[in-house]
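Visitor: Give me coordinates for this.
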Amino acid sequence: MHGPSSSLAGLRILVTGLGVTGFPAAVHLGERGADVIVIDGDATADVSEKAQILEVFDVDIRRGPEHVEALPEGELDLVVTSPGWRPDQPVLAAAAKAGIPVIGEVELAWRIRGTNDAKWLAITGTNGKTTTTTMLESMLLAAGLKAKACGNIGTPLLEAVLEPGLEVLAIELSSFQLHWQESMSADAAAVLNIAPDHLDWHGSAEAYAADKAKIFHNAQLACVYNCADEVTLHMVEDADVIEGAKAIGFTTGVPRPGELGVVEDLLVDRAFIPQRYSSAAELASLDDVATATGVAGSRPAPHQVANALAAACLARAIDVPGQAIAAGLQNHSLGAHRMVTVAEADGIRWVDDSKATNTHAANASLAAFDSIIWIAGGLPKGADFTSLFADHRERLKALVLIGSDDSAYREAIAATIPDLEVVRIEPALAVDSGVPKRRGEAVAAAAVDAAARLAEAGDTVLLAPAAASMDQFLNYNTRGDLFAEAVNSHLER
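Guide: Predicted coordinates:
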C-alpha cells in the first residue's frame, strides 16, 4: 500500500468510524479497489450524503452498536481506525489478538503519499498545538511556500497528502493519532510540552508520553523540544532518528547555541546560523507575537511566546528566512476560544479560553492575568487541581464553579485556599420557570451573572475550565460560544 494510485484489489479492509478520519479513508481505499467495510456505533446521525459517495465504491456500511462489539465475519487484511477509538475497544482488541495490523490516519497518509514530496513539519504536545500549527502555516505562507495546516486541525491529513501542488504540510497531531503511527519520517517535528492528559484513553501517563514521543521517530532534519520541559528533551535523546537530524531547543529566556529564544524583547536564532556560538539572528519581536495572539499593544503571554518560538524552529529547519517569521506572526490571527477577549466594559475584561480543557492549559491562562474571577469546571478526567490553586492563589479573587462534578476542585481549594470565595452553578440548572432550556445555555448565563456580581474594575473574568465540556456542553467550542453570548447579553442589559 504505497503511493496514491497503487491497486488494493483483493484486500479486505475494515475502517472504524464514519467521521472526519474514517470517511476519507474509506473513500480512498475504495477508490483503489479494496473491499472496504465501515463500522460505526452511531445509527442515528444523518450520513446519507456520505453513504451515497461510498456506495459508488461498493463500500459496505454497517451502523449500530452491535457492529462495534466484534470483528465482522471473514478474513481481514487490515484495520484503519479513527483517533477516537481506544485500543481496548472490542473490535480493536480483537484485531490485535488475531494479529491483524491496525493503523491510523497518519500511517495511512504516510504510506499513500507516493511521489508527493511535500515536506512534513509535525507538531504535538499537551497544549498549544493548534496555535503553533497555525503560526507555522502563516510563516510558511509568508515565505512564499504553498503550505497548509492539516491533521488534527482543518484539512484531514489523508486529504492534504493527495492535494497537488503543496510544498509543505504543517501537521498538528494528537496522542490518539500518534498511537497508531509506525513509519512516518517527518522532515522536522516538535513536542511543545507534556502534562498528564487523556489518561482514560492511554491508560497511564507513561503510555501517553510514549505515544507523543513517536512524532520524533525517523525525523530527518530536526527534533524540537521545550527547554523548560525535561520530558521533551528526554524524548529527543531517546528517539531513533535519521543520521544528521539535530536537537533544537526553544526557550522564553536567553538561548544557548542550538536554541531559539528571547533577547531584549526579540525572538532570536542561535541554532540555524553558522555563527551560533558567538551571535544570534533576529527573527521577530515580542510585539509581533502580541499581534499574532490578539493582544497588540500588550505583552504576550509566555506560553504564546513559546508557541511562536516552536513554530519558528520548524520553519527555520527548512530554511524559512527570518523576515518571513516576523511577517507570518504579523499576519496570524488566533483561533476561536484561545485566550480571546470577548469584551471590556467598566474596567472588567472578559476572556474566553474554553480550549483550556486540562490543568496545563489553564495554568498558562491564569499566568497571563492578575486579579481573576475564574470560571472553571466540567469533566476533570482524573486531574489533580491542587498545584493549580496553590500556584495562583495570589491571582485568584473568586471562583465560579460549573460542571457536574466539583469534588476535585473542592478538595484542591480546601488544601490550598480555603477562604477563596466560590460560587457554585448547580449542575441541574436547565429549567427556567418550567420552560426547558439547553443546559449549556443556562449554565453559561448563570456563570456570567455570578462573575459579574463578583468582578470590579481591574479584574479579568476568565473562562479557562481546566476540564472537558461534554457533561454540560456539546464541546469546548459550544462552551466558548455560549459564554460569549452570555457576556454580550449581560452587557446589553
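
Visitor: all contacts plus neighbour counts: C-alpha atoms, from now on.
Guide: OK.

Visitor: in what helix or strand does G382 lie?
Guide: Counting by DSSP states H and E, no helix or strand carries G382.

Visitor: Checking G244 next. Helix, strand or coil?
Guide: G244 falls in the coil class when you classify it by DSSP: H, G, I helix; E, B strand; the rest coil.

Visitor: Just list the residues touching the nearest residue to it once chain neighbours are set aside, thanks.
Guide: Leaving aside its chain neighbours, G244 sits nearest to L221 (6.8 Å; criterion: C-alpha to C-alpha, 6 or more residues apart in numbering). Applying C-alpha atoms under 8 Å, 6 or more residues apart in numbering to L221 gives the contacts 187-188, 242, 244-246, 317.

Visitor: any idea how far L221 lies from I123?
Guide: 14 Å (C-alpha to C-alpha, to the nearest Å).

Visitor: Between the contacts of L221, which sits nearest K381?
Guide: Closest approach between the contacts of L221 and K381, by C-alpha to C-alpha: A188, at 31.4 Å.

Visitor: who does that closest one bridge with?
Guide: L121, A222 (DSSP bridges).

Visitor: Can you give the domain ranges for the chain?
Guide: Per the record, the chain has its domains at 12-103, 114-331, 340-492, by automatic domain parsing.

Visitor: Could you identify which of the ones you listed is most buried?
Guide: domain 114-331 (a mean of 21; mean count of other C-alpha atoms under 10 Å).

Visitor: Reformat the contacts of L221 as TSV; add pLDDT.
Guide: Formatted as TSV, those follow (pLDDT from 0 to 100):
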residue	pLDDT
D187	98
A188	99
I242	96
G244	95
A245	97
K246	97
A317	99
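
Visitor: what's the most distant pair in those?
Guide: I242 and A317 (14.4 Å).

Visitor: so where's this protein uncertain?
Guide: 1-6, 198-199, 201-202, 428-438 (pLDDT under 70).

Visitor: Check it and tell me which residue is nearest its centre.
Guide: By C-alpha atoms, centre = their mean, the chain has its centre lying nearest to K129, at 4.6 Å.

Visitor: check contacts around that residue.
Guide: When contacts are counted by C-alpha under 8 Å, 6+ apart, K129 touches 123, 172-173, 192.

Visitor: can you check G128 too?
Guide: Applying C-alpha under 8 Å, 6+ apart to G128 gives the contacts 192, 303-304, 307, 361.

Visitor: how close does it get to A45?
Guide: For G128, the distance to A45 (C-alpha to C-alpha) stands at 31 Å.

Visitor: Tell me the helices and strands packed up against whatever helix or strand A25 lives in.
Guide: With elements taken from DSSP H and E, the one containing A25 is helix 22-31. For helix 22-31, the elements it packs on are strand 12-16, strand 35-40, helix 48-56, helix 157-160, judged by 3 or more C-alpha pairs under 8 Å, 6 or more residues apart in numbering; DSSP states H and E.

Visitor: wait, which of those is closest to G440?
Guide: strand 35-40 (27.0 Å).

Visitor: Output the contacting helices and strands for that closest one.
Guide: Strand 35-40 packs on strand 12-16, helix 22-31, strand 60-63, going by 3+ C-alpha pairs under 8 Å, 6+ apart.

Visitor: tell me which strands and helices the last one is in contact with?
Guide: I take that to be strand 60-63. Helices and strands touching strand 60-63, by 3+ C-alpha pairs under 8 Å, 6+ apart, are strand 35-40.

Visitor: Pairing partners for the strand it packs on, with directions?
Guide: strand 12-16 (parallel), strand 60-63 (parallel).

Visitor: Please, where are all the strands along the stretch 51-200 of the chain?
Guide: Ranges of strands within the stretch 51-200 of the chain are 60-63, 78-80, 102-103, 119-124, 147-151, 168-172, 188-191, based on DSSP state E, counting those that start in this stretch.

Visitor: Pipe those strands into CSV and attach distance to F385 per row.
Guide: Shown next, in CSV, are these (distance: least, C-alpha to C-alpha, whole Å):
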stretch, distance to F385
strand 60-63, 39
strand 78-80, 37
strand 102-103, 35
strand 119-124, 23
strand 147-151, 30
strand 168-172, 27
strand 188-191, 24
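
Visitor: Please identify which of those strands is closest to Y409.
Guide: strand 119-124 (27.8 Å).
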